[in-house]
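Engineer: need coordinates for the following:
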Amino acid sequence: MIILRVLILTICILICRDTSAQKYEFGTIGFMTSYMGDINPNNPFNYNGFGGGLFAKYNFNSTWAIRLGFDYLTLSGNDKNSNNSNQQQRNLSFNNHLSELSLLTEFNFFKFSTKRKFRHFTPYLLGGLGIIKHDPFVYYSNNKIYLRELKVERNKQDQPINYSALAFVIPFGLGFKYKWKRNWGIGIEMNYRVALTDNIDNVSGYYPLTMSNSNTTLPRIDIINEDGTKRAFDNSDWLRIADPSTPNLSNKGTLRGDGKKWDGYMTTGITLIYSIQNTKCTW
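Structural biologist: Numbering: from 1, shown residues only. Got it, this is the predicted structure:
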C-alpha cells in the first residue's frame, strides 16, 4: 500500500539522520472507532469498529512536536440500530475500511521528559491534516458490494453523484501520556476527524427517479432467492440497494440523508511509545 510505504520510508529517514541534538519517538496505537454522519447524526461515542496504526514523532522541545501517522480502521452504520422510527424505516446501512495518513502537531501542557526537572506525565492536545482512502460497501445476499461503483445516489437533477475514493480529513483531539522508563511510555488518546466529504457512508444526495441514466455496470454476482435458487444481480437489486426502506415506499427524488455537508469519525485508544533520546540534549 502506497500510504504505508511512505510512512515506513519516512521512519527510516528519521532513524538514519543524525540525532545528536534531537529526540524522536515511534509508537503504535490501537483504538475503537465511532462514525458520525447521516446514519448516526447525534452520538459521537457510538463505538462499533476497531483500528490501529503507527506513528513517528519529531520533538522540537519538551512542549511541541510534529507527528506523522498511518491508521487503518473500520466504520459502519445501520438505521436499524437507531432509536428514530423514520431512520428505522429508511433502513440504510454501510461499512467502510479507511486508510489514513496524517500530519499532526502535538502540544504538551507540561514539559514532558524523563529528566528529573521535568514531568513524567502530561495531558496534550493534537491537531493537523490528513488524507484518507475509503470505499463504502454493503453486504447484499451474502455478497460484498461497493456502493461508489453502483452510483445509487442522485443530485437534484437526478444525475449520478460521483465522488473520489480519496478525501481530506481534519483531525483534532486530546490525550494523556506517561513515561514509566527512560525510553518507554504509554498513553490514552481521543481523536475526532472532520471528513471533508459526505460520502463516508454513501448517503449524501437524493433517491434516484430511475436507473436509466446511472451509466453503471452491474456486479456479476449470484443472488440467492428465498426458495434457494440463484439468479444474476439485476436492476431490481440495484433499486433495492438504492432504496431499502421497509416497507418499500415511494421515495423517488427525495433526500436520502440529513443534508449536512461533512461526515466524521472518532477514535479512542491506547498508545505505546518508544523514545530515542540523546543524553546531551538540554531538555
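
Engineer: below-threshold pLDDT in the chain: ranges please.
Structural biologist: 1-22, 113-118, 212-214, 247-249, 277-283 (pLDDT under 70).

Engineer: the residue nearest the centre of it bridge partners, please.
Structural biologist: By C-alpha atoms, centre = their mean, the chain has its centre lying nearest to Leu98, at 5.0 Å. Counting by DSSP bridges, Leu98 forms beta bridges with Leu73.

Engineer: check contacts around it.
Structural biologist: By C-beta atoms under 8 Å, 6 or more residues apart in numbering, Leu98 lies in contact with Gly51, Asp71, Tyr72, Leu73, Thr74, Leu75, Ile132, Lys133, His134, Ile200, Tyr265. Glycine gets a C-beta too; all of them are placed from N, C-alpha and C.

Engineer: which one of those is nearest to Arg182?
Structural biologist: Closest to Arg182 out of the contacts of Leu98 is Asp71 (27.3 Å), distances taken as C-beta to C-beta.

Engineer: about what we covered before: ok, the residue nearest to the centre of the chain to Arg193 distance?
Structural biologist: Noted for Leu98: a distance of 9 Å to Arg193, by C-beta to C-beta, to the nearest Å.

Engineer: what do these two both touch?
Structural biologist: Tyr265.

Engineer: I'd guessed Ser51 sits against Thr33; true?
Structural biologist: Residue 51: Gly, not Ser. Yes. Assessed by C-beta atoms under 8 Å, Gly51 is found in contact with Thr33 at 5.4 Å.

Engineer: identify the contacts common to the two.
Structural biologist: Shared contacts of Gly51 and Thr33, counting by C-beta under 8 Å, 6+ apart, come down to Leu73, Thr74, Thr267.

Engineer: by neighbours, which of those residues wins?
Structural biologist: Counting neighbours by other C-beta atoms under 10 Å, the top entry in the shared contacts of Gly51 and Thr33 is Thr267, with 26 neighbours.

Engineer: bridged to that residue, which residues?
Structural biologist: Thr33, Asn191.

Engineer: look up how far Phe168 lies from it.
Structural biologist: Distance from Thr267 to Phe168, by C-beta to C-beta: 17 Å.

Engineer: among the contacts of Leu98, name the buried ones.
Structural biologist: Gly51, Asp71, Tyr72, Leu73, Leu75, Ile132, Lys133, His134, Ile200, Tyr265 (16 or more other C-beta atoms under 10 Å).

Engineer: for the first one, list each beta-bridge partner.
Structural biologist: Read it as Gly51. Phe31, Leu73.

Engineer: next up, the contacts around it.
Structural biologist: Gly30, Phe31, Thr33, Asp71, Tyr72, Leu73, Thr74, Leu98, Thr267, Gly269.

Engineer: the closest residue in space to the fourth one that isn't next to it in sequence: neighbour count?
Structural biologist: It stands for Asp71. Excluding its sequence neighbours, the residue lying closest to Asp71 (C-beta to C-beta, 6 or more residues apart in numbering) is Gly53, at 3.4 Å. By other C-beta under 10 Å, 23 other residues sit near Gly53.

Engineer: residues of the helix or strand harbouring Gly53 that come out buried?
Structural biologist: Here Gly53, judged by DSSP states H and E, is contained in strand 49-59. For strand 49-59, the neighbour count (16+ other C-beta under 10 Å) marks Gly49, Gly51, Gly53, Leu54, Phe55, Ala56, Lys57, Asn59 as buried.

Engineer: any idea what the last one is bridged to?
Structural biologist: What that stands for is Asn59. Residues in beta-bridge contact with Asn59 (DSSP bridges): Lys23, Ala65.

Engineer: ok, it to Pro123 distance?
Structural biologist: Asn59 is 16 Å from Pro123, by C-beta to C-beta.

Engineer: got CSV for the buried residues of strand 49-59, with distance to Asn84 too?
Structural biologist: Shown next, in CSV, are these (distance: C-beta to C-beta, whole Å):
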residue, distance to Asn84
Gly49, 21
Gly51, 27
Gly53, 33
Leu54, 38
Phe55, 37
Ala56, 43
Lys57, 42
Asn59, 46
